[in-house]
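Undergrad: got a predicted structure plus its sequence, pasted below:
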Amino acid sequence: MIDILMTVYNGEQYVVPQIESILNQTDSNWKLFIQDDCSTDRTVELIEPYVRRYPERITLLRNEKNSGSAQKNFFSMLPLVEHSYCMFCDHDDVWKPRKVEMTVRRMMELEQANGQDTPLLVHTDLAVADENLKVLSDSMFRSQNLNRKGNRLNNLLVQNNVTGCTMMVNKALVDMVGPTPKHAVMHDWWMALIAACFGKIGFVRQATIIYRQHRANEVGAKNARSLSYNARRLAEREQARKVLNDTYLQAREFEERYHALLKPEDLELLQVYQNLPYFGKLRRIAVLFRYHLFKHGLARILGQLLFV
């Protein structure tokens, strides 16, 4: 059985197609929890008929006050997970019919190789579409120039390649999360760090969802290979430094929380990375090279060397 966690906020335009796409999965061995984050539109009104029609499969929860972010909303839902696997769902995407089937298959392969008690994470590629679901790219990994093999801690400290809306984790990983981290950049990034340090990460090359790009959610459709995009990113000096600082804070909290469980080499890497801001420029660059703390792609690496 799979527990699917969906967060929603003012999703009246998109939540119905998303729920329908889950109901149309080839693997129907799931239970869907939808947590509304104090929507002010008709979102709840649109969800309630599904709850009445499928009372044993769909549960609606409503926050008393807005959580402030999707990641906090997701973290707050983790205690609901009772079954072997957990998937995460944004309200404005559309799942392809075999998403659950394909992801579970990869998860079971990892379990056979590593055991059910090992924290495991599976993620997939995704197609990017406009708000009317016209596909703009059939692979976010290709258009964003992401490295599907970047599953080691040195990779994930500096760049997250796990997209939460494609992610499945097992119960062993859920149980390691604990209280909501204060400095987690995103829930998927934090869980990817857990899997990198204590378990395994698997990948499905096929796109299993259609990521809908609209005005409130435009992360996915940037073409990271274009010159104009990379020039713009390099010019955003303050934003680049803020992103770097967020990763240092995340690394510090992660090391503090899991200190006693970490392998010596991972502990060393986390401690060195979180202290980068206190080193001189040349030493910071030397650390990047020594520990291979580089993002994927030449433009991103140049940005690191410029702003680190």
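TA: Noted; the coordinates are in hand.

Undergrad: can you give me the strands for the stretch 51-200 of the chain?
TA: 58-62, 85-90, 94-95, 120-129, 135-137, 168-170, 200-212 (DSSP state E, counting those that start in this stretch).

Undergrad: how about low-confidence regions in this structure?
TA: 215-237 (pLDDT under 70).

Undergrad: what comes into contact with the helix ranked longest in it?
TA: The helix that spans the most residues within the chain, counting by DSSP state H, is helix 237-258. For helix 237-258, the surrounding residues in contact (C-beta atoms under 8 Å, 6 or more residues apart in numbering) are 157-158, 176, 178, 181-185, 189-190, 193-194, 197-198, 233-234, 262, 267, 270-271, 273-274, 276-277, 303-304, 306-308. Backbone N, C-alpha and C define where each C-beta goes, glycine included.

Undergrad: just the buried members of those residues?
TA: 157-158, 176, 181, 184-185, 189-190, 193-194, 197-198, 233, 262, 267, 270, 273-274, 276, 303-304, 307-308 (16 or more other C-beta atoms under 10 Å).

Undergrad: out of those, name the ones that lie in helices.
TA: Going by DSSP H, the helices hold 157-158, 176, 189-190, 193-194, 197-198, 233, 267, 270, 273-274, 303-304, 307 from the buried ones among the contacts of helix 237-258.

Undergrad: mean neighbour count, the strands of the stretch 51-200 of the chain: which tops it?
TA: Comparing the strands of the stretch 51-200 of the chain by mean neighbour count (mean count of other C-beta atoms under 10 Å), strand 168-170 comes out on top with a mean of 27.

Undergrad: and that strand, which strands flank it?
TA: Each strand paired with strand 168-170, and its direction, by DSSP bridges: strand 85-90 (antiparallel), strand 120-129 (antiparallel).

Undergrad: please compute how far stretch 266-276 lies from its chain's middle.
TA: Computed by C-alpha atoms, centre = their mean, to the nearest Å, the separation of stretch 266-276 from the middle of its chain amounts to 22 Å.

Undergrad: so Leu5 sits in a strand?
TA: Yes - per DSSP: H, G, I helix; E, B strand; the rest coil, Leu5 lies within a strand segment.

Undergrad: what about the nearest residue to Thr40 once chain neighbours are set aside, distance to Thr180?
TA: Closest residue to Thr40 apart from its sequence neighbours, by C-beta to C-beta, 6 or more residues apart in numbering: Asn10 at 6.2 Å. When distance is defined by C-beta to C-beta, to the nearest Å, Asn10 is 22 Å away from Thr180.

Undergrad: Thr247 now?
TA: Going from Thr247 to Thr180 by C-beta to C-beta gives 18 Å.

Undergrad: looking at those two, which is more packed in?
TA: Neighbours were counted for Thr247 and for Thr180 using other C-beta atoms under 10 Å; Thr247 has more, 21 against 16.

Undergrad: tell me the domain boundaries of this structure?
TA: Here the domain parsing of the chain from automatic domain parsing is 2-212, 227-307.

Undergrad: and those, which is most packed in?
TA: With neighbours defined by mean count of other C-beta under 10 Å, none of the domains of the chain is more surrounded on average than domain 2-212, at a mean of 19.

Undergrad: for Glu48, what are phi and psi?
TA: Main-chain dihedrals, Glu48, degrees, to the nearest 10: phi -50, psi -40.

Undergrad: list the contacts for it?
TA: By C-beta under 8 Å, 6+ apart, the residues touching Glu48 are Leu60.

Undergrad: touching, His83 and Phe33? I think so.
TA: No - using C-beta atoms under 8 Å, His83 is not in contact with Phe33, being 11.2 Å away.

Undergrad: how about Asn10, secondary structure?
TA: Quick answer, by three-state DSSP: Asn10 is coil.

Undergrad: for it, give me its contacts.
TA: Contact partners of Asn10, counting by C-beta under 8 Å, 6+ apart, are 39-41, 43.
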